[in-house]
Every structure is written in C-alpha cells, then in structure tokens.
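*Asks:* what follows is a predicted protein model with its sequence.
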Protein chains: 4
Amino acid sequence: MSGPVPPDVVSLPDYERHARDRLPADIWAYVAGAGADGLTRQRNRAAFDRTELAGRVLADMTGASTATTLFGIEMPFPLLLAPVAYQRLAHPDGELATALGAASCGAAMCVSTLASATLEEIAAQASSPLIFQLYMQGGREAALSLVRRAEDTGYRALMVTVDASVNGVRNEEQRAGFRLPAHVRPVNIEGMPGPVSRAGPGESPVFKGLLDGAPRWDDIGWLRERTQLPLILKGIVHPDDAEHALRLGVDGIVVSNHGGRTLDTLPASLDALKAVSERVSGRVPLLLDGGVRRGTDILKALALGASACLVGQPIMHALAVAGPVGVAHLLVILRAELEVAMALTGHASVDAIGSNAIWTHG
Amino acid sequence: MSGPVPPDVVSLPDYERHARDRLPADIWAYVAGAGADGLTRQRNRAAFDRTELAGRVLADMTGASTATTLFGIEMPFPLLLAPVAYQRLAHPDGELATALGAASCGAAMCVSTLASATLEEIAAQASSPLIFQLYMQGGREAALSLVRRAEDTGYRALMVTVDASVNGVRNEEQRAGFRLPAHVRPVNIEGMPGPVSRAGPGESPVFKGLLDGAPRWDDIGWLRERTQLPLILKGIVHPDDAEHALRLGVDGIVVSNHGGRTLDTLPASLDALKAVSERVSGRVPLLLDGGVRRGTDILKALALGASACLVGQPIMHALAVAGPVGVAHLLVILRAELEVAMALTGHASVDAIGSNAIWTHG
Amino acid sequence: MSGPVPPDVVSLPDYERHARDRLPADIWAYVAGAGADGLTRQRNRAAFDRTELAGRVLADMTGASTATTLFGIEMPFPLLLAPVAYQRLAHPDGELATALGAASCGAAMCVSTLASATLEEIAAQASSPLIFQLYMQGGREAALSLVRRAEDTGYRALMVTVDASVNGVRNEEQRAGFRLPAHVRPVNIEGMPGPVSRAGPGESPVFKGLLDGAPRWDDIGWLRERTQLPLILKGIVHPDDAEHALRLGVDGIVVSNHGGRTLDTLPASLDALKAVSERVSGRVPLLLDGGVRRGTDILKALALGASACLVGQPIMHALAVAGPVGVAHLLVILRAELEVAMALTGHASVDAIGSNAIWTHG
Amino acid sequence: MSGPVPPDVVSLPDYERHARDRLPADIWAYVAGAGADGLTRQRNRAAFDRTELAGRVLADMTGASTATTLFGIEMPFPLLLAPVAYQRLAHPDGELATALGAASCGAAMCVSTLASATLEEIAAQASSPLIFQLYMQGGREAALSLVRRAEDTGYRALMVTVDASVNGVRNEEQRAGFRLPAHVRPVNIEGMPGPVSRAGPGESPVFKGLLDGAPRWDDIGWLRERTQLPLILKGIVHPDDAEHALRLGVDGIVVSNHGGRTLDTLPASLDALKAVSERVSGRVPLLLDGGVRRGTDILKALALGASACLVGQPIMHALAVAGPVGVAHLLVILRAELEVAMALTGHASVDAIGSNAIWTHG
C-alpha cells in the first residue's frame, strides 16, 4: 500500500489527501473520524488559521536554532509524535515504522497503551526518546504493570490520557462499520479487563458499566507516588483541571481535545491553550495537541504558551503513503516550515518566541 | 416504507438523511419545510453548534443518573417527544407507533391537537406519560371540550401553543403543492370551526378572517381557571411574554420558535432561552424546543436554563425509517449521547448542570 | 414569454428563479447585474437576513391594518413600486403592465425618466397613485420640462435620483455585451442631450466628459423652488447628505444604494437606513430601497426608521414571468407576508412598528 | 498565446480567469501560487471586500483629477506596476511588453532584480518612470553594482524587498513541479552568488545555509549612505519595523505581505497598512501592495493612509491574455474604476481622500 513519496506530496495536507485515497473506507473512518458532527475537529484548524502572525523583517538570524529540551529530553525541534493507537492499521510495521522515521532526526515519540506492537518491541527499534502513554481504564494494578514495563525499557516519561473516560460518539466510524482487523491488536493489554455494560432494558449502557473503570483524580495522586518518571497529563482543556493537576505534582500538561474525537463542540485546542496557559503561568510546561499541520501552527502554539506540540493523525497519513520514509519526511516538512516561520517573524531561537509573535494590530 | 434500522443510522442526522430518501417529496416538504427562507431553522442548529462545552476530566461519576421530574412527571432523561401533527404522514400507525417507541424507556410524549389518531386511542396505546397540546383556534368551548377529553383520559399536563395565530409562510410546502392525503385527518377536531377568509378584491386574507380565531392573553386566563392540569405555554421567545404568562399563573413555558416554521428570522431557540431564562429566574420550569439533534444540545440547553428539551421533526424521521423501533432507537441515541456529554463535562446528575458547563474562556 | 403564474411561484425569490430561466442572458445580465463584484447586492440581503425579529404571542389584533399615508398618498400597505428603467425589456407592455398590476391593490408606482413608455401613456393606464422619478443629467431645462409634464399629468410627487452621477462599473452587463434592443427606448428623453467623453489618449473618459451633466446640490435647491410637488431625493446613504437635503427643504429621502448597481461595497441599505434615521430623527419620512424581497424585510425597515419600502428588480422578474398578473401577485405576496409578520410580532398597525420589533436580547 | 482583448474581459478578475485558461498549469502555479494554504492571499481580498465606502451624492466634481506626485515622480493616478519577477513566463516580450503597456498612460513601473530582461533593455524600451527593485541576497557588493546600473540608466528610485529572507512555503508551485524554463532567466544577476544549503543528515537546510545571504538592518543603513536615489523598503507589515526603517532614513515604505507568497497567515495588506499608517503618521509616503484588483481598492488604501498602490500578479494575467495591450487596458480599467469611485464618494482629487471615505456608521 505504501511506497515512495509521491512528487506532489510537499505538506501534511498532501499526505492526508493521498492517505484518504489509499486506505480502505472503514479504516479511514477510524483514522480520520471525529466525534459526532466533527465541529471540534474543524475548530482546531480554524483557530490556527484565523490566528495571524506578526511578520518581521531584516532580523539577525545568525546561529538560529530550533533545538529545545523538555522533561530532560533533548529535542531537535519542539514537536513530539503523539500516542496514536493501532498504527498497524496504516502500515504493516506500524509503530516500528514510526520509530524508524522518528530516528531520522531524533524526534521524541509517544507510544500508546493501544499500540499494535509491544512497548518493548518499539523500544528495541527506537533510537530517539520514547514516552509511554497510559490509559488507566483497566484498573490501578494493570496500569502499574504497564508503567513498570515502560520504566524497565527506558521510556523517558509517562503521559496519562485523562479525557477519554468513555468512548466519544464516533459516528463516522460507526457508519463505516469499523472493526479492528484480526492482525491489529492491542498487544500491550491483551488479557487485561475492560469496561462492560450492566444496562437493563430501557437503560443506557454508558452510566451502567462503561464508565466503571474510568480513572479519577485520586488515581493520579496514587500513580504520582509510584513512579519517578516525569508525569504528564494529556487531555486537559479547563484551567481548573490544570490547577488540580498541578496540586497533585504533575510535571507537564498536554492541552488537548483528543483531536475532536471525544466530546464534540469542545473548544479549539489553541483556544484551550490560551486559557490554560494564563492560569498555569509557566509553573509546568504545556504541550498542545490537536490540529497541528503546519510549522506556523507550532510557532503560534509556542507564542501562546506551549513548550512544544504533538502531531497525531498525520503520522497515520504518512505511514499509509510512504511508511517510515513518510514519517521522516513529515518531520522534515514541519521543521523546515517552522524555520521559515521563525525567520520571517524574526525569532532565532525557540525560547525567543513569545506573545508578540501574534499579530494584534488589526 | 419503514423497516429495520439501517446499519449506518447511528445518530439523528442519519435518520433525517434516510427519511428524506424515503418520504414522497411533498410530504418531505411538509415535514421538513421551514418558514420562508429557512433562516431560523438554520439558526437553531447554528446556535447549538457554536456553543462550546467546558470539558472536565477525572471527575467522580459514581451513581450518575439522567433521571428528572417535571410537572410531577418522572422522566428517564430530560427529553420529551414534541407535539408533532399528523404523524401518520410518516408511518401508517402514526402517533400510536410513537407511543409504542416512547414506552421503551418511559419518555413523556406530547400529543398534538392535530394528531392523526384520537387522543383516546393514543392514551389506550401509551404506557409512558402523556401531555396534551392544545390549539385554541376553534374557540373557547371547542378548546375546553378537548381539555376535558384529555383530563378524562389521564393526560398529565396541558401544553397550549401560542405562537401560531396564523400559518407561517411555508414556501417549501407550498412549492411542493402539499395537501393532506385522504387517510390522514385531524381526527380530534373534525367538525369544529376553523378560520375563514373575509377578504374582498385587493385585500389580504390574513387580516380579513384568518386571524379571527387566534387566542389572546385573556383566553389563557380563562383557561387557567378551568383546569387543574399543569398549564404550559409553548412558543414564547420574548421575556415580556414570559413575564405575562407568569402573571396568569402558568406552570411552565416552552421556549420555541416552532422549529422555524412560523416567522422566519426569529432568533435561535437557544438564544431565546437565554433571554427568557434570565427574566424568569427559575420561577417556573423552562423547556426548549427547536433544533435539538444531539445529546450535547440537551446539555447546553440545561446549562442555559432549561429543565428539559423537546424533540420534534426527528420523530417523523424515525417513524419514516423504522416505525416504533426508530422512535425507541432515537431515544436511546439521545440518552446515550447525553450521558457521554455529562461524563466528559463532569456532571453526575441533571441538577448539577449549570452555566459553568459552557466554555467561556476562549 | 410571460404566461400564467407557475404553481411553484409562491414568493419573490421564486419569481427571480423563473425570470432567470426565461429572459435572454444579456437582458438578465442587465436586469440582475450589480456593480463590480456584486458585494453590495449581497450585503443588502445579508443585512435583512441577519436582523432578527422579536416574536410576540397572544396579542390582540382586532382591526389590524397595513394601511398608511405618505406624502398625502394613501397606500394599502407601506410599499411602492420602484422606478425601474426600461420595463419593456421584461414584458412587451412594460410599464403599462406594471401599472395594471399595481391597480389591483392600489399600490403607488414610481415611473422612471428612463421608462420605455411615455409618462403620459402610463398615467393614462394607471389607476393607482404615480410618482415621477427624475434624472437631471440632461441639464436644468430638460429636467424642468419633464417635471412640468409630470405635474400636468397628475403625478403626485417627484423623486430625484442623486446617486448615479456616472454609470456604475456594471461588469456583468458588460461581459454579456448588453445593448438596448431597438424596440426599447427611453421615450421620455429622446432628443435630449446626454454625457459625452472628452478624453484624449491616455486619459480616462470618466473625469473628461461623462460627469459633466451630473446634478449638484445647487440644482436641487433650484428645483425645489420650481415645483409644488413633494420632492424626494433617492440614493442617499450618508447622514451628512441627508442633513444637506433637509436644509434644502426636501419632503422625503429614499435611503438607497441603487440595489448595488452603482458603487460596489457601499453599505447595506438597511445599515444605511439606521445611520440616516438616527440623524433625521423623523423630520421627514424615510423610504428604504434595495434588497427588499420579504414582508419581514418591510417590517424590519419600518422598525429601523423607514415609513415605507420600494421594491425594484422583482418587478422585472414578475413582468417576465406573468406580466401584469405577476406584478399583482407580487404585491399580494408581500402584503400577506407583512401581515403574517405583524401578527406574529404583535403589531396591529404600521404606526405601531418601532425599534422593539427587532430582537436585541441575543 | 496572447491575442486581442476578449470581449468579456472588462475587469482584472476577468484577466485572471482568462490567464488561468491560457497558461500551462505549472507556470500558473508559479504565477498565482501563494504560501502554504493561501490564507493570506484570501485575506488580502477579504479585507478590501469587507471595507465599506461612504457614498456621497451631488458633490461638485469640477476639475476632478487622479494625478499625483510621489518621490518626485509625476503619476497619472496613484498606481504603480509592481516588481513582478520573470515576466517572460507570461509573454515572450516579458518586461518589455509591460513597459510598452505602461507607456500608454505614463504609469510608473517597478523592475525586479529577477526580471527576465536586463534593466538596461527595459530602460531603453520604457517611456514612463522606472523604479528598480533590489534583492540583496547576493551580498553588498553585488547589490551595489545593480544599484549603480539602475542609477546609470535613469531609474528614479530604489525599492529594496526586505520580506523574503528565505523562500516561502510555496506548496502550489511545488506540487506542480514548477521549474524556470530555459528561455526565462534572471539575466540581471546571472553569475552572482546565491544561498546554498550546508545542512547535514537530520538537519534542515533553512537554518543551515539558505538564510546566509539574507539582508539585515545594517545592510539598509549601509546602502542608504551609498545612493542618492529615493530609498523605499518593500515588505513591511509591523509598525516597529516601519519605525526602524524611518530611523535609517528611508524615503518610503511599501506595506506588503508579498501577495501572501512568503509567510502564510500574515495579516491582510489593508490591515497592516492601518497599523503602519497610524505609527508613521505621514512622516514618509506609504504604498500598499497585495490584493489590489479594483479602483475601489485603491480608494480604500488611500483613505487608510497610503499614497499609492502597487498591482502585481494582474500584470502577468494581462500579459498572458493580451500582451502590452492587456497591460495598457488593465491600467485604463483601474483608473476608470478609481474615477467612478471618487465621483460616487465625492472626492475631486487624490489628496482629498481621507479616512471619512470609509463607512463607519454601520
């Protein structure tokens, strides 16, 4: 399915277009499908698109660099590969291909609890830093066993997803009748317990069972005491939740609406970042997840309070089109676009990017 | 015409899409047609779509429930089936099929004066609570005889529609040449008098006859004194009218623009709710009617002052596609979507939903 | 070309749709073409469409009426037929057919200097009140001779168009290569002088000749002293120009952007009305011209300061589709729509319509 | 390829439409392609389109004129032909054809460093004033040699482009695989050095080489001391950069976002003009570049602080459709449209156009 990079693929939207043509309709519906009417997915892009940049000219760019360090991890530029589940849906080598692509420039990769390769296999393949993404739906002990495996294999940080206590209303996926193919399995958690409906006639399964295993704030406190890894919460949009997380001693927050895949009509990721950043005031690093497709998006997120961004669905697009080479190319594109944006707004380093990079004179 | 639920029907918009394909064009124009240019119909949706939710994470959802009580009626979740006229246009069993569907989860059903089955037949079929919707165009005595029949048959409340003193400018319906088929009749009011034009040459029939039977405020006062049933006015958008209604001792108000079917360019139902709720300040329960298609819509209406919502046209869509099973499925969908929305905004009960469920940090 | 009213014609937009199908492309480009990119034409509609109405219920509509009196002219409802040029382009009988249609309900008709029938022929045909629209481009004496003819034939008022000192940039018309057909001529001014270019090589004809005959403020003052007819200026959008007009003793102002046919990106007619009305404060009656297609539009204009509206292009649509019957039908539609709008906003008379008819609670 | 002006070409958008049909797809992608997603290109137009004009009537236009003088150069109207590169892509005679067209009304023409004819050839052909546009990427000495050639050949001013330190993300061009054809060459700078990548594996070429030759503020100061020609900086959007330029003694500023071809999501040119004009307060003349397609656009830019506008891409459209005649026609169209706009807003001279030409009463 995947092959050489087509000559007209020069940006992330191009990968998306080609991937849509190549993937089976039901897999595409899973990969690209958003919650309900897809309004939050649209808003993620609209927020980036409407935010204007303050162009600057004739700046001295001597020694300019995109390098940064986050949670003790050196990064070539402020972008992480997000913890996308089931990457074998897009390419036979799945997460292993992604790890290979990430290695080309040393980008950090987040590995999902729902990876279709074991976290140990991925660690064996990877030569760039790894972060383990944790779903706690299976209970504390199951979660802790995953954490220990990640610690033992050299993962550098722990990213707990907290915004998916229940599946979103994924209508596109449901209409397409998506089911996980036999060769793609959540190999890291097979055999662990999952949520079961207890609903009787005339009752809804959501409040009768499906929420039973959802993690709560005390689970985060419990986990915090049991690992030395940097602990990052992924999926916060509300400043009060950010405040709560800080009280529990987390090391970082990923502001995210899950790419619009959980609750539709959540605010755009960039709007949520502004609200959370104002509250957090630099006490911990913030990352932005949701809708990033351009180097200018990264610059805007940094200007509005993020230390780095995550890119998620485009990994699947790049895998589907060109496998590990696609992932490497995706990283090259984003980095070069970020450098052009830094040059044309007069920023020679990531740390120099502040709120005055945003145009407000209009 | 109707059959099993198609596999790609997983939301109310899916029912609409399928119903459009199945119903004859003229009946579709009646069912879906709005007033004039359809701008208020569009606004009803746009207001829900632009309202953003304040997502919350890691909340304790133990014992979560959607149950509520309104006008002394216990409801499995805060949704009523609206008083849609002539339901036999969509399914041979019409209102009887709807009553059967409503029974699956015990949802309250409003029965229209213009039902195509008698209110007694519907009461005999129904096992969930019934509310009788009253048009007073036929005069006080005719109205009172309908009220007495409803009281005698166990209807639990009276909902008087006050926003249809004259037919709206239903251009879509007119263009399609819609006429009520012979087998679909307003059986509850046959033989009662209706408005007649008195217009001479060069005059307009609206002010010359068609308005003659329209109810006025004193008719509401008159009716209030003649029934013990909870009295609800349906069709108010203006705070001053809400105030007037309260002075007459009504028990509840349905904020509604008639789904955009009467006067085009009325404000969106959700915007009207905000204005009315601010004025009423909880003195009586408010219900919202117009544009509800998603569980998130219900949550937003509750956050902005409603105690429950009505869903109208989707009943016809569900009837057309899958009869009583469609209506039952529609209720399952809305309830499950509401529960997902409550879980992902951290509300364990209907009463807990307040204005902070709406995102205002953007 | 024209025939009986098609059964699916139930609103003014329907007439437009049918007329587009029936008229030759070049004539359609003339009739419907706007200035440059058509942005003001779009804005005229957008302003009406975005303005929301404050729906009211249960009002007492006893004795409701749309009748009004303006410049001493009794009108069945506050709508005038605008002075559209060359009506024979749409129907063989042109202005005579319009006069016949207007007679059906007694609506006032404005006759253009560029009518394709003589003002005397039209007066002979008409049985409803006539207003003469004057272009002064031919010079003072030519203008005065037209005024005398109008006075002598019983015209009730004079409407001087002041916003067309030079032709607009009518690109749609130019692209279609529109030329006036031989049988359609400006019979009222044949033989009178018109603007001629004096431009040399590398010069523009606009400032070299085409503006020479354009009227100026002193021409209005001159004219004011020479006629007893009510004097109305048509084409004002700026409050300062309205003020100037009042100083010269005019009796009324038509707020108009010429339907978007002169200068593109002028403000919407309804927005201009608001600005002019605030300044004029009722010192003279204001009329609104530009974009009126619905009875709700008339109600909105009245709420925002107008005493009546003009409807222009739809006359050509109605003529093209159904001749005089079309014009009569157009008037029936607008009047009935206005009555429905008055009923559903609780206004029993034209004078009762004020700014509180507009929704401002959103 | 080019021929007589087609009869349906009556505005600049018409030239664009025809040029798209005539030029090969890859050349069209170069000519019309914007940066990344083309959002700034869209915004350039949207800003003009949403800005409304204050129409005025009955003004005295005796002796009206569009003439102006800028940098000591007399101009028939406040429009310059922008320094578009490689004009032979659109027409065999390229810049020589443009010079011929400009001569028809004496419009000033800016000649690009990347012209496909030598600046001496163009000067030999031209009979209207010339301005030389300078890229300094080749280093100070190379730049100075170009300046000396321009001085020696009678160029009247120097326009240094400062907003293109690195190529924009021209995805449209890249997708189309555009390469400069053999017969179109940057003849003025052949043999001069250009930027070269020094990037190693896993590094980005942008910060490793491509930026090396980009000019900086001190280069502008250096250049200022070495020429007596009026010095204009092209490509400023930020008021702070305008302030910096003034401190270095520049004679004028072209507010420009490079037509949306460098950094996508820069603000619209008209919005940037407002911000820069407020800061500069008339200390030097401002010119606006980017999105100008209508005479009304020129009037709006002048109202908001510009002394003149540049028109760029439309030159290529006109060349492709009708060669020098097309360029002459383009100038006729814009000038006539400007005159109509001045007449209908009551401005008899360019200097009279101020901020009250913009509608602000809405």
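*Replies:* Ah, there it is.

*Asks:* per-residue confidence at A:Gly362?
*Replies:* In this model, A:Gly362 is scored at 58, pLDDT.

*Asks:* what does A:Val196 give?
*Replies:* For A:Val196, the predicted pLDDT is 80.

*Asks:* residues in contact with the residue nearest to A:Gly221 when sequence neighbours are not counted?
*Replies:* Among residues not flanking A:Gly221 along the chain, A:Leu248 sits closest, at 5.1 Å (C-beta to C-beta, 6 or more residues apart in numbering or on different chains). Placement of C-beta: from N, CA and C, glycine included. By C-beta atoms under 8 Å, 6 or more residues apart in numbering or on different chains, A:Leu248 lies in contact with A:Trp217, A:Ile220, A:Gly221, A:Arg224.

*Asks:* need the phi and psi values for A:Leu248.
*Replies:* Main-chain torsions, A:Leu248, degrees, to the nearest 10: phi -90, psi 0.

*Asks:* and what of the one 10 residues further on?
*Replies:* Its backbone dihedrals place A:His258 at phi 60, psi 40, with angles given as degrees, to the nearest 10.

*Asks:* determine the set of other helices and strands touching the helix or strand harbouring A:Glu74.
*Replies:* Following DSSP states H and E, one finds A:Glu74 within strand A:73-75. Judged by 3 or more C-beta pairs under 8 Å, 6 or more residues apart in numbering or on different chains; DSSP states H and E, strand A:73-75 is in contact with strand A:68-70.

*Asks:* what helices and strands are in contact with the strand it packs on?
*Replies:* Strand A:68-70 makes packing contacts with strand A:73-75 when contacts are defined by 3+ C-beta pairs under 8 Å, 6+ apart.

*Asks:* so after the strand it packs on, what's the next helix or strand?
*Replies:* Scanning forward in sequence from strand A:73-75 by DSSP H and E, the next helix or strand is strand A:79-81.

*Asks:* now that next one, how far from the centre of its chain.
*Replies:* Its chain's C-alpha centre and that of strand A:79-81 lie 7 Å apart, by C-alpha atoms, centre = their mean, to the nearest Å.

*Asks:* can you give the distance from the helix or strand that it is followed by to the centre of its chain?
*Replies:* Sequence-wise, the next helix or strand downstream of strand A:79-81 (DSSP H and E) is helix A:94-103. How far helix A:94-103 lies from its chain's middle: 15 Å, per C-alpha atoms, centre = their mean.

*Asks:* check whether helix A:94-103 contacts chain D.
*Replies:* No. Under the criterion of C-beta under 8 Å from any C-beta of the partner chain, chain D is not reached by helix A:94-103; the shortest gap measures 8.8 Å.

*Asks:* residues in contact with that helix?
*Replies:* Here helix A:94-103 makes contact (C-beta under 8 Å, 6+ apart) with A:81, A:86-88, A:91, A:93, A:108-109, A:111-112, A:115-117, A:121-122, A:125-128, A:130, A:184, A:315, A:318-319, A:323-331.

*Asks:* so what does the longest helix anywhere in chain A touch, helix or strand wise?
*Replies:* Ranked by residue count and defined by DSSP state H, the top helix of chain A is helix A:313-345. Judged by 3+ C-beta pairs under 8 Å, 6+ apart, helix A:313-345 is in contact with helix A:12-22, helix A:25-32, strand A:79-81, helix A:94-103, helix A:295-303.

*Asks:* now mean pLDDT and mean neighbour count too, for the ones you listed, in TSV please.
*Replies:* Supplementary listing: the helices and strands packed on helix A:313-345 in TSV, determined by pLDDT from 0 to 100; neighbours: other C-beta atoms under 10 Å in any protein chain shown:
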stretch	mean pLDDT	mean neighbour count
helix A:12-22	98	19
helix A:25-32	97	20
strand A:79-81	98	26
helix A:94-103	98	25
helix A:295-303	98	27
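
*Asks:* with distance to D:Pro4 added, can I get these in TSV?
*Replies:* Below are the helices and strands packed on helix A:313-345 laid out as TSV (distance: least, C-beta to C-beta, whole Å):
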stretch	distance to D:Pro4
helix A:12-22	39
helix A:25-32	49
strand A:79-81	54
helix A:94-103	55
helix A:295-303	43
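
*Asks:* dump the residue contacts of the residue nearest the centre of chain A.
*Replies:* With distances taken as C-alpha atoms, centre = their mean, chain A has A:Ala82 as the residue nearest its mean C-alpha position (3.1 Å). Applying C-beta under 8 Å, 6+ apart to A:Ala82 gives the contacts A:Cys110, A:Asp289, A:Leu310, A:Val311, A:Gly312, A:Ile315.

*Asks:* ok, A:Asn188 touching A:Leu146?
*Replies:* Yes. Counting by C-beta atoms under 8 Å, A:Asn188 touches A:Leu146, with 6.7 Å between them.

*Asks:* overlap in contacts, the two.
*Replies:* Joint contacts of A:Asn188 and A:Leu146 (C-beta under 8 Å, 6+ apart) are A:Thr113, A:Leu119.

*Asks:* any stretches of the stretch 251-362 of chain A with poor pLDDT?
*Replies:* Scanning the stretch 251-362 of chain A for pLDDT under 70 picks out the ranges A:362.

*Asks:* can you rerun that using 90?
*Replies:* Within the stretch 251-362 of chain A, the set of residues satisfying pLDDT under 90 comprises A:361-362.

*Asks:* how far away is the residue nearest to A:Gly221 from chain D?
*Replies:* 37 Å (C-beta to the nearest C-beta, to the nearest Å).

*Asks:* state the pLDDT value of that residue.
*Replies:* 98.

*Asks:* any idea how far apart the tips of stretch A:254-272 sit?
*Replies:* Stretch A:254-272 has its terminal residues 11 Å apart, counting by C-alpha to C-alpha, to the nearest Å.

*Asks:* in stretch A:279-298, what's buried?
*Replies:* Neighbour-count burial for stretch A:279-298 flags A:279-280, A:284-298 (criterion: 16 or more other C-beta atoms under 10 Å in any protein chain shown).

*Asks:* quick one: is that stretch near chain B?
*Replies:* No. With C-beta under 8 Å from any C-beta as the criterion, chain B is not reached by stretch A:279-298; the gap is at least 9.0 Å.

*Asks:* chain center to that stretch, what's the gap?
*Replies:* Distance of stretch A:279-298 from its chain centroid, counting by C-alpha atoms, centre = their mean, is 11 Å.

*Asks:* can you give me the end-to-end span of it?
*Replies:* End residues of stretch A:279-298 are separated by 21 Å (C-alpha to C-alpha).

*Asks:* stretch A:152-160 now?
*Replies:* 18 Å.

*Asks:* ok, now how distant is the closest residue to A:Ser127 other than its chain neighbours from chain B?
*Replies:* Leaving aside its sequence neighbours, A:Ser127 sits nearest to A:Ala103 (C-beta to C-beta, 6+ apart; 4.4 Å). Computed as C-beta to the nearest C-beta, the A:Ala103 to chain B distance reads 33 Å.

*Asks:* buried only: go through the contacts of A:Ala82 for me.
*Replies:* For the contacts of A:Ala82, buried by 16+ other C-beta under 10 Å: A:Cys110, A:Asp289, A:Leu310, A:Val311, A:Gly312, A:Ile315.

*Asks:* pretty sure the first one contacts A:Leu80?
*Replies:* To tie it back to what came earlier, the one meant is A:Cys110. Yes. Contact criterion C-beta under 8 Å: A:Cys110 and A:Leu80 qualify, at 5.9 Å.
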